[in-house]
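**Student:** Sequence below, structure please.
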Amino acid sequence: MFDKLEDILRRYEDITMELNDPAVVSDQDKFRSLMKEQKNLEELVECYLEYKKCNETIEDSESMLDEESDADMREMLKEELSEAKDKKIELEDRLKILLLPKDPNDEKNVIVEIRAGVGGDEAALFAADMFRAYTRYAERQNWRVETMSVEDIGIGGIKTVSFMIKGNGAYSRLKFESGVHRVQRIPATESGGRIHTSAITVAIMPEVEDVEVDIDMNDCKFDVFRASGNGGQCVNTTDSAVRLTHLPTGIVISCQDEKNQQQNKAKALKVLRAKLYEMEREKKHSEESQLRKSQVGSGDRSEKIRTYNFHQGRVTDHRINLTLYKIDQIMDGDLDEIIDSLIAADQATMLAAND
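**Tutor:** Residues are numbered from 1 along each chain as shown. All right, here's what the predicted structure looks like:
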């Protein structure tokens, strides 16, 4: 591990020198590439330098202890040595995590798709609640949310919604949200006070550049129609909405949030590109680690990854057996504790696999 860290440190130092070279500064493409590489190595290098400094502190303290006879000074050195050794262990653990293979999609923007599953109107109402929760979470992270398409049911519920979240590291934070989310609560329309169980599906897809997925436009069929629902003065008066059908896969995407066809067409292609990329990635995962279920699933309750029980005020993530009694905060976008726990569990799994 430490040979690798020394190689990384040398590479970081080389990059720093190159960035001060006028010839590199004048080559904007190379300059940006080196800046990105430097940024990717920065946290690891800083942690390693701190680790080396900690090692020096341990060596110095041990050397001084051998020579020191004063009782008070020895006590102070022992305390300093103990703290340094504890810190060294923490830094070693941190370095192991930082050396884990990075998901190439982690820094990308994400396209989120939420669909109401079993539960009728109550599932659609919960889909709208989760749309708000993810929007609020994005606001807390200073990310931007861009709605791509919405199909509502007229009573505040959403049958399906697609939206993009733009921000550094959005995919790294949200990728574990993919799956079936189950809700248990008394619907507002329930006069008998009975608790209903409903489900929605969430898909998290990284935004994909044109060069990553090549779409043959001959495979695409575009239909235009008049947008429905709330919107500006152009929304309901012109045929600006676009429905894209990808003939080889049967994927259908509708976009009506923008005021003209070209903008909606561009958004529809962006969603299609992400879906095709995710399908190909899913295929590779299946080949590498046997068959695994698709991100979205069918919306069946048995495929749940998380349960939101409003009556008990709890949220349970079944993958890591985490239960939090703070449902109001979570539904207001306070998702960090869940996300941090999922990331930690994933890192622990990878570390165990590398041992």
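
**Student:** Might you report the residue contacts of residue 255?
**Tutor:** Applying C-beta atoms under 8 Å, 6 or more residues apart in numbering to residue 255 gives the contacts 148, 149, 162, 241, 242, 244, 264, 265, 267, 268, 271. Where you see a C-beta, it was placed from the backbone N, CA and C, and this is true even at glycine.

**Student:** The last one - that's part of a helix, no?
**Tutor:** It stands for residue 271. Yes - applying DSSP: H, G, I helix; E, B strand; the rest coil, one finds residue 271 inside a helix.

**Student:** which stretches of this structure have low pLDDT?
**Tutor:** Residue ranges of the chain with pLDDT under 70: 189-192, 210-211, 227-238, 284-303, 355.

**Student:** can you pull out the helices in it?
**Tutor:** Assigned helices in the chain, in chain order: 2-19, 22-26, 28-67, 71-98, 121-140, 170-174, 261-288, 327-331, 336-354 (criterion: DSSP state H).

**Student:** which residues touch residue 144?
**Tutor:** Here residue 144 is in contact with 138, 165, 166, 167 (criterion: C-beta under 8 Å, 6+ apart).

**Student:** 7 Å - rerun?
**Tutor:** Counting by C-beta atoms under 7 Å, 6 or more residues apart in numbering, residue 144 touches 166, 167.

**Student:** Quick check: beta-bridge partners of the closest residue in space to residue 274 that isn't next to it in sequence?
**Tutor:** Spatially, and ignoring its direct neighbours in sequence, residue 274 is nearest to residue 205 (4.0 Å; C-beta to C-beta, 6 or more residues apart in numbering). Taking DSSP bridges as the rule, residue 205 bridges to residue 111.

**Student:** now residue 205: how far from residue 105?
**Tutor:** Using C-beta to C-beta, to the nearest Å, residue 205 is found at 9 Å from residue 105.

**Student:** if you count what's nearby, which of the two comes out ahead?
**Tutor:** residue 205 (27 against 18; other C-beta atoms under 10 Å).

**Student:** Run a quick neighbour tally on the residue nearest to residue 212 when sequence neighbours are not counted.
**Tutor:** Distances taken as C-beta to C-beta, 6+ apart put residue 277 closest to residue 212, at 6.4 Å, once the chain neighbours are dropped. Around residue 277 there are 19 other residues, counting by other C-beta under 10 Å.

**Student:** How about the contacts made by residue 277?
**Tutor:** Going by C-beta under 7 Å, 6+ apart, residue 277 touches 208, 212, 213.

**Student:** how far away is it from residue 253?
**Tutor:** Applying C-beta to C-beta to residue 277 and residue 253 gives a distance of 14 Å.

**Student:** cool, and residue 266?
**Tutor:** 12 Å.

**Student:** Which one's more surrounded, those two?
**Tutor:** Between residue 266 and residue 253, counted using other C-beta under 10 Å, residue 253 has the larger neighbour count: 23 against 12.

**Student:** Was I right to think that one contacts residue 267?
**Tutor:** No - Residue 253 lies out of contact with residue 267 (C-beta atoms under 7 Å); the separation is 8.5 Å.
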